[in-house]
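Colleague: Output the structure for:
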Amino acid sequence: MSGCNVTVIGAGPYGLAAANFLRAHRVEVRVFGSPMAFWAEQMPAGMLLRSNWEASHIADPKGTLSLDAFRNAEGNHFGKPIPLKRFVDYGLWYQRHAVPDVDPRQVTSLQRSGRDFLVSLSDGEQFTSRRVVVAGGIGPFAYLPEEYSALPKELASHAADHRDLSKFKRKKVAVIGGGQSALESAALLKETGAQPEVLVRESSLNWVGLHARLHHLGPISKLFYSNRDVGPAGISRLVAAPHVFRRFPREFQDKVAYRAIRPAGAAWLQPRLKDITISLGRTVLQAAEKGSGVHLKLDDGSERFVDHCLLATGFRVDLSRYGFLPPSLLARLRTVNGFPVLKRGFESTIPGLHFVGKTASWSFGPLLGFVSGTEFASTELARFVSRANGAANGNG
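Modeller: Below is the predicted model:
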């Protein structure tokens, strides 16, 4: 049976960056997964990235694989906000240059084998790996509120279930949520001929980018804003330094994290929403199938009859939803609210098992839920593994 040093599960921005940085430290790596699959297959066509340009580079140890380099090399003259399609193209370009040997097979099982891990693939191949880095993304964590659990998928589905929203043309669609996904989905639905209404639990909407001038005040702006683009003034600087952020009391971390990533829409969306009904302060109490559609009862006593409910209700990390993690490993993982508890190097309570991306955000802060966190995660991971390998080989 063959073996390797590090196995990376997942080929999105975090998996690709992790492999790139590890190889820069001369660490042997195998990477499995479909490159940029979540971005290409589980986000509606036509979407634009909310993150700014500087926060959308996938980290590269040589600094040569930026969005700017991609645009110059490929002649893709796109601007801001970044179109989803162009970002997917960028990710695939990054992959071809940095990790050309990504194996598209899926990891189906991970078992402890002595001090190593036994990795099983979708075609039956097995091999051992000293370490495993889980960069599986958020796809399995789509959150579906209980009120919609009895409805078939034809009547209620998560926003991540759709690549093409044109299927809802001439349909009445209740969009549930008040963040970027909900608001931009509503705009896309309207533009494809559907009749959306956005139902928002909060009494007001939050917007990002209303005060763009504050980002152009030179040194003053740099005091309050990090180019990682996560959170408002002040908070942006704090969450951009995960090792500092995680030293604060847990209660403070949770409050700051929520403020940094609370549901919000990009200011540039506002003109596209002007003809769309947005009902604020409304909660759906009951959703029931009625005929070929859905009957909704709201907390103010009003009702809605729609053809479909599009649930832009976000994602909730739950490691048990990673099908390759068996109960035997899950039982040994220390978790909090579904998140793994991680130490330096993104290592979990199972030695040699690491988590990067959104799953690491409980331990290292909200930066890890964004592409701009790939630099910190990959740098920290590669240094840790490199030092551990050196120690294991008698060089530490």
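Colleague: Hmm, Ser204 is touching Ala264, no?
Modeller: No - contact criterion C-beta atoms under 8 Å: Ser204 and Ala264 do not qualify, at 10.8 Å. (Each C-beta comes from the backbone N, C-alpha and C, glycine too.)
Colleague: Show me which of the two is the more surrounded one.
Modeller: The neighbour comparison of Ser204 against Ala264 (other C-beta atoms under 10 Å) goes to Ala264, with 17 against 9.
Colleague: for the nearest residue to the more buried one once chain neighbours are set aside, what are its contacts?
Modeller: Counting by C-beta to C-beta, 6 or more residues apart in numbering, Ala264 lies nearest to Asn206, which is 3.8 Å off, once chain neighbours are set aside. Contacts for Asn206 were tallied using C-beta atoms under 8 Å, 6 or more residues apart in numbering; they are Gly178, Arg262, Pro263, Ala264, Gly265.
Colleague: Ser34 now?
Modeller: Ser34 touches Ala11, Pro104, counting by C-beta under 8 Å, 6+ apart.
Colleague: Confirm it sits in a helix?
Modeller: No - going by DSSP: H, G, I helix; E, B strand; the rest coil, the assignment for Ser34 is coil, not a helix.
Colleague: Tell me, what's the model's pLDDT at it?
Modeller: pLDDT for Ser34: 97.
Colleague: Likewise for Ala233?
Modeller: Predicted confidence (pLDDT) for Ala233: 80.
Colleague: quick one: it from Ser226, how far?
Modeller: 10 Å (C-beta to C-beta, to the nearest Å).
Colleague: These two: who's more crowded?
Modeller: With neighbours defined as other C-beta under 10 Å, Ala233 and Ser226 compare such that Ser226 has more, 19 against 13.
Colleague: Distance of the residue nearest to Ala264 relative to Arg262?
Modeller: Using C-beta to C-beta, we find Asn206 at a distance of 6 Å from Arg262.
Colleague: what's the answer for Phe346, then?
Modeller: Distance from Phe346 to Arg262, counting by C-beta to C-beta: 25 Å.
Colleague: Neighbour count for those two, which is higher?
Modeller: Just comparing Phe346 and Arg262: by other C-beta under 10 Å the higher neighbour count belongs to Phe346, 28 against 13.
Colleague: give me the number of residues near the residue nearest to that one when sequence neighbours are not counted?
Modeller: Nearest residue to Phe346, sequence neighbours excluded (C-beta to C-beta, 6+ apart): His354, at 4.5 Å. His354 has 28 neighbouring residues, counting by other C-beta under 10 Å.
Colleague: Report the buried residues of stretch 116-133.
Modeller: For stretch 116-133, the buried set under the neighbour-count rule, 16 or more other C-beta atoms under 10 Å, comprises 116-121, 127-133.
Colleague: And the contacts of the host helix or strand of Val198?
Modeller: Per DSSP states H and E, Val198 falls inside strand 195-200. Contacting residues not belonging to strand 195-200 are listed as 170-178, 182-183, 185-186, 189-190, 276-282, 284, 296, 298, 304, 306, 310 [C-beta under 8 Å, 6+ apart].
Colleague: So the closest residue to Ser122 other than its chain neighbours versus Pro327, what's the distance?
Modeller: Leaving aside its chain neighbours, Ser122 sits nearest to Gln106 (4.4 Å; criterion: C-beta to C-beta, 6+ apart). For Gln106, the distance to Pro327 equals 19 Å [C-beta to C-beta].
Colleague: Checking Gly390 next. Helix, strand or coil?
Modeller: Criterion first, three-state DSSP; result for Gly390: helix.
Colleague: mean confidence for the helix or strand where Glu375 lies?
Modeller: Secondary structure from DSSP H and E places Glu375 in helix 374-392. In this model, helix 374-392 has an average pLDDT of 93.
Colleague: same thing with stretch 240-250?
Modeller: 96.
Colleague: circling back: and which of the buried residues of stretch 116-133 is nearest Asn76?
Modeller: Val133 (29.9 Å; C-beta to C-beta).
Colleague: Shouldn't that closest one be within a helix?
Modeller: No - residue state for Val133 (three-state DSSP) corresponds to strand; a helix is not indicated.
Colleague: next SSE after the strand holding Val198?
Modeller: Next helix or strand after strand 195-200 toward the C-terminus (DSSP H and E): strand 207-208.
Colleague: Alright, that wraps it up for me.
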